[in-house]
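[1] mind folding the following:
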Amino acid sequence: MKNFDVIVVGAGHAGIEAAMAGANLGKKVLVLCMDLESVGFLACNPSIGGNAKAQLAVEVDALGGVMGIIADATALQIRMLNTTKGAAVQSLRAQVDRIDYQNFAKKMLDEHPNITLMQGEVAAVSSELSVVRGVKLANGEECFAPSVVIATGTYLDSSVMVGHDVKKEGPSGFAYASELSRSLTEIGLNLRRFKTGTPPRVNSKTIDYSKTKPQGGDEGIQSFSFMTKKKINNAVSCHLTYTNQKTHQIIKDNLHTSAMYGGVATGIGPRYCPSIEDKIVRFSGKERHQLFLEPESLHMDEVYVQGLSSSLPLDVQHDFVHSIAGLEDAEIMRGAYAIEYDCIDPMQLHHTLEYKDLKGLFFAGQVNGTSGYEEAAAQGLVAGVNAAGVKFTLDRTNSYIGVLIDDLVTQGAEDPYRMLTSRAEHRLYLRQDNADMRLTPLGREIGLVCNARWKTFQIKLQQIEKAKQGTTDGIPQSVIDHVETELKYAGYIKREKNLIQDALKKEQALLPVDLDYKTIRGIRLEAQQKLNQVKPISIGQASRISGVTPADINVLLIWLRKGPK
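    Reported below is the predicted structural model:
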């Protein structure tokens, strides 16, 4: 018998943040994963950040999380995207070393005195009287804890597909979780089937880079972690190339052999990161699609062909890869594949990411219907803090993390959810450069921001005041840039803060959690059903539920003013 304070199922980006958060709050944490070699594994692109995703990663760091620290320590190249656009949409992106990232993450878990890392398949969640007791492993062993975080990523009853060949396995040949889905269904969770994919990896030595366009990193820009003091070295270049009409024709001629178009795949795929087959079909008038050749590690020759995700057979992959400029003689080291997996309906969760019908059971990451490492890490941190017994939620007015979680629990995910800057109503205020200003004090309050991080934050506050007074000697460029942004957009930021205050009034108009909306006259039937499904905690959340109209909200406001009878 093994007893812990928190059990985390899965050791990907969500699991790592959940485990570290719980452990740093003084809890005894058990981390269970299918294979110890999969800890921190970057199953898709070995990169952190990108549009809107960078804001999530930096916010995780500002709260005391670890993704930014690992990314900075293992970065091969760092760039700032959208520099020709406004500050609200500028986003960091780092190409990281896949092997170093894994090793760094695993070492972090191994060395933490409050974390026990163990290989094993979780077959069931144990509970008694609507309260979690722990988990049961496939070998019959039981582990006990009052809180369990499910962070299974894409491993839950997963199937890997290449053409019409289907294998029951996890990403890159790792073992899959074969029994847990049944247990979750028995508990009452609604499961759905999602799909994602990955492109081929090719041998760097067989690429003709003279036919591609190099893309280097940026010097002197901020990093993901506010704790990083060392300059990030841009050790590699990525390269840009394109598909062409020959590529497209090869794919069109072989669509019937694809897992998706051949009727093998049934899961719902990502809208914002489609396979190359999807791109060719959906954007048939487009003459070419851009592809990025991105090194996976300094320790090996594999290059990730971003933009070429596919579930076509391997022989077809060889044909269309060789039709691309620079890849005519490229050797495929790992073939592309699609993967289907089970995930839950996140509308069954509270904003704490706790399951509404079972106290102590939390969910984080792709099991909640999201896509992306950064979305997973953000959920992992929030779930981990709450699993450790510290009530902690964020909202749409103070963070992208708040937007992410509110979207999930209020509107659900009909396809793999990806964070976008357009999802954030207050994105000019929710920038990556001020994430610590917004969130580090909150992280300090809940005990997740350590003394060293707090001291760094205090020094930055002093530097900001000096920069405002015109003193720039010895002040980091990132601080100067922050001050310039605040001054440049001062009028817009002031207006944004006024809108935030208005939004907060709706969030503070609380609704009873046990309210039966069928008892309120004047609310339409559809709205009654949706409100009873979500059980919103406030007028603000109720107004964001699909199917609830402004007229329904007005009825609710009148009901609140009169007072429940």
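[2] residues contacting stretch 181-192, please?
    Stretch 181-192 has contacts (C-beta atoms under 8 Å, 6 or more residues apart in numbering) with 123-125, 127, 150, 156-157, 268, 342-345, 348, 355, 357-358, 361, 369. Yep, even glycine has a C-beta here, placed from its N, CA and C like the rest.
[3] CA-only coordinates of that stretch, as PDB, when you get a sec.
    Taking Å, rounded to 0.1, in the frame of the first residue of the first chain, the C-alpha atoms of stretch 181-192 are listed here in PDB:
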ATOM      1  CA  SER A 181     -11.300   4.900 -20.300                       C
ATOM      2  CA  ARG A 182     -13.700   2.300 -19.000                       C
ATOM      3  CA  SER A 183     -13.200   3.500 -15.400                       C
ATOM      4  CA  LEU A 184     -13.800   7.100 -16.300                       C
ATOM      5  CA  THR A 185     -17.000   6.200 -18.100                       C
ATOM      6  CA  GLU A 186     -18.200   4.200 -15.100                       C
ATOM      7  CA  ILE A 187     -17.600   7.300 -12.900                       C
ATOM      8  CA  GLY A 188     -19.900   9.300 -15.200                       C
ATOM      9  CA  LEU A 189     -17.600  11.200 -17.500                       C
ATOM     10  CA  ASN A 190     -18.600  11.700 -21.100                       C
ATOM     11  CA  LEU A 191     -15.800  10.600 -23.400                       C
ATOM     12  CA  ARG A 192     -15.200  11.600 -27.000                       C
END
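[4] list the buried ones in it?
    Neighbour-count burial for stretch 181-192, counted by 16 or more other C-beta atoms under 10 Å, picks out 181, 183-184, 187, 189, 192.
[5] ok, now stretch 111-128?
    112, 114-117, 120-125, 127.
[6] among the residues you listed, which ones are in strands?
    115-117, 122-125, 127 (DSSP state E).
[7] let me know the closest of the residues you listed to residue 378.
    residue 115 (20.1 Å; C-beta to C-beta).
[8] list the contacts for the closest one?
    If you count contacts by C-beta under 8 Å, 6+ apart, residue 115 has them with 19-20, 23, 29-31, 109.
[9] give me the buried entries from those.
    Buried members of these, scored by 16+ other C-beta under 10 Å, are 19-20, 23, 29-31, 109.
[10] how about those residues, which pair is most distant?
    By the measure C-beta to C-beta, 20 and 30 form the most distant pair in those, at 13.4 Å.
[11] residue 45 versus residue 372, what's the distance?
    The gap separating residue 372 from residue 45 is 10 Å, by C-beta to C-beta, to the nearest Å.
[12] same check on residue 375?
    14 Å.
[13] the more surrounded of those two?
    Higher neighbour count among residue 375 and residue 45: residue 375, with 30 against 23, using other C-beta atoms under 10 Å.
[14] shouldn't the more buried one be within a strand?
    No: the assignment for residue 375 (DSSP: H, G, I helix; E, B strand; the rest coil) gives helix, which keeps it out of a strand.
[15] let me know the pLDDT of the closest residue in space to it that isn't next to it in sequence.
    Distances taken as C-beta to C-beta, 6 or more residues apart in numbering place residue 419 nearest to residue 375, at 5.6 Å, with adjacent residues excluded. Confidence at residue 419, expressed as pLDDT, is 95.
[16] and if you look at the one 5 residues further on?
    With respect to pLDDT, residue 424 scores 93.
[17] thought it was touching residue 396?
    Yes: the criterion here is C-beta atoms under 8 Å, and residue 424 meets it with residue 396 at 7.3 Å.
[18] touching both of these two, which residues are there?
    residue 403.
[19] which residue packs closest to residue 135, ignoring adjacent ones?
    residue 122 (4.8 Å).
[20] repeat that for residue 524.
    Residue 524 sits nearest to residue 552 (C-beta to C-beta, 6+ apart), 6.1 Å away.
[21] let's see which of the contacts of stretch 181-192 end up in strands.
    Using DSSP E, the members of the contacts of stretch 181-192 that fall in strands are 123-125, 127, 150, 342-344, 361.
[22] which one of these sits closest to residue 324?
    Looking across the ones in strands among the contacts of stretch 181-192 and measuring by C-beta to C-beta, the closest to residue 324 is residue 343, at 32.9 Å.
[23] the closest one: what's it in contact with?
    By C-beta under 8 Å, 6+ apart, the contact set of residue 343 is 156, 191-194, 366-369, 413.
[24] recalculate using a threshold of 6 Å.
    By C-beta atoms under 6 Å, 6 or more residues apart in numbering, the contact list for residue 343 reads 192, 194, 367, 369.
[25] now residue 291
    Contacts of residue 291 (C-beta under 6 Å, 6+ apart): 241, 305, 307-308.
[26] which one of the ones in strands among the contacts of stretch 181-192 is nearest residue 456?
    Set against residue 456, the nearest of those by C-beta to C-beta is residue 150 (33.3 Å).
[27] so what's that closest one scoring on pLDDT?
    Looking at residue 150, its pLDDT is 98.
[28] show me the beta-bridge partners of it.
    Listed beta-bridge partners, residue 150: residue 9, residue 363 (assigned using DSSP bridges).
[29] neighbours around it, how many?
    30.
[30] hang on, isn't it packed against residue 364?
    No: with contact defined as C-beta atoms under 6 Å, residue 150 does not reach residue 364; the gap is 7.4 Å.
[31] outline the domain layout of the chain.
    1-448, 450-495, 509-562 (automatic domain parsing).
[32] could you look up the SS state of residue 530?
    helix.
[33] apologies, that question was intended for residue 45.
    Strictly by three-state DSSP, residue 45 counts as coil.
[34] so who does it touch?
    304, 306.
[35] also the one 10 residues further on?
    For residue 55, the contact set (C-beta under 6 Å, 6+ apart) comprises 400, 432.
[36] surely it forms part of a helix?
    Yes: assessed by three-state DSSP, residue 55 belongs to a helix.
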